[in-house]
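> Model the following, please.
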Amino acid sequence: MIGNTFREGILKYLTGVAAAPSLPVSLSLYPLMNNTYTQGDVIMNPAYKGDTGFSALVVDNDATTWQYESAGYMSNVFSFVFDAATVDWGTVRYVMAKDTSNEVYIVGSLLSPELILAGQTLRIPTGSCKIKIPNVG
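Sure, this is the predicted structure:
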């Protein structure tokens with residue numbers, strides 16, 4: 001799922017209203033337990049809620065982080081490793097990426113949801129965070 005601001009930028013570009021939206025240089029990744037999509041809005045349930053030691057994992061938004069695949073999919077080139085949880089996170093099913101202005105850029109689902117308890121580390125293996133770019137492929 002693409003964030004609303006980026007989606008609007010793409011639509012304006014495709015309809016000739018504006019120049020192509022620029023891609024953020026880096027993304028901050030956040031683990032989510034679940035989310036619900038409604039007409040482009042996303043309601044998110046952060047897995048790290050109550051974890052005062054949590055900090056987002058910041059990655060470059062380029063080919064050093066993402067591998068572009070067929071049919072509009074991209075996946076992570078290396079393992080994403082978050083800091084150890086200080087409280088139980090529950091089952092992590094998605095990863096949300098925010099840009100530097102704190103806008104939701106994209107939400108990707110994990111191939112294998114993972115239960116994270118206090119003291120455990122969320123590791124997303126190479127190729128396991130798949131993101132589908134809508135209307136591509």
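> tell me the contacts of W89?
P31, M33, A47, Y48, D51, I116, L117, L122 (Cβ atoms under 8 Å, 6 or more residues apart in numbering). For glycine as for every other residue, the C-beta is placed from the backbone atoms N, C-alpha and C.
> Could you save the residues you listed as JSON lines and add columns showing distance to D62 and neighbour count?
Formatted as JSON lines, the contacts of W89 follow (distance: Cβ to Cβ, whole Å; neighbours: other Cβ atoms under 10 Å):
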{"residue": "P31", "distance to D62": "22", "neighbour count": "27"}
{"residue": "M33", "distance to D62": "28", "neighbour count": "18"}
{"residue": "A47", "distance to D62": "26", "neighbour count": "27"}
{"residue": "Y48", "distance to D62": "26", "neighbour count": "24"}
{"residue": "D51", "distance to D62": "29", "neighbour count": "19"}
{"residue": "I116", "distance to D62": "28", "neighbour count": "23"}
{"residue": "L117", "distance to D62": "33", "neighbour count": "10"}
{"residue": "L122", "distance to D62": "23", "neighbour count": "22"}
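> buried stuff in the helix or strand containing S75?
Assigned by DSSP states H and E, S75 belongs to strand 73-76. By neighbour count on 16 or more other Cβ atoms under 10 Å, the buried set for strand 73-76 is M74, S75, N76.
> Excluding chain neighbours, give the residue nearest to the last one in space.
To tie it back to what came earlier, the one meant is N76. C129 (4.5 Å; Cβ to Cβ, 6 or more residues apart in numbering).
> Same question for K98.
Using Cβ to Cβ, 6+ apart and skipping the chain neighbours, the partner closest in space to K98 is S28 (4.9 Å).
> Equivalent analysis for G108, please.
Nearest non-adjacent residue to G108, counting by Cβ to Cβ, 6+ apart: I131, 3.8 Å away.
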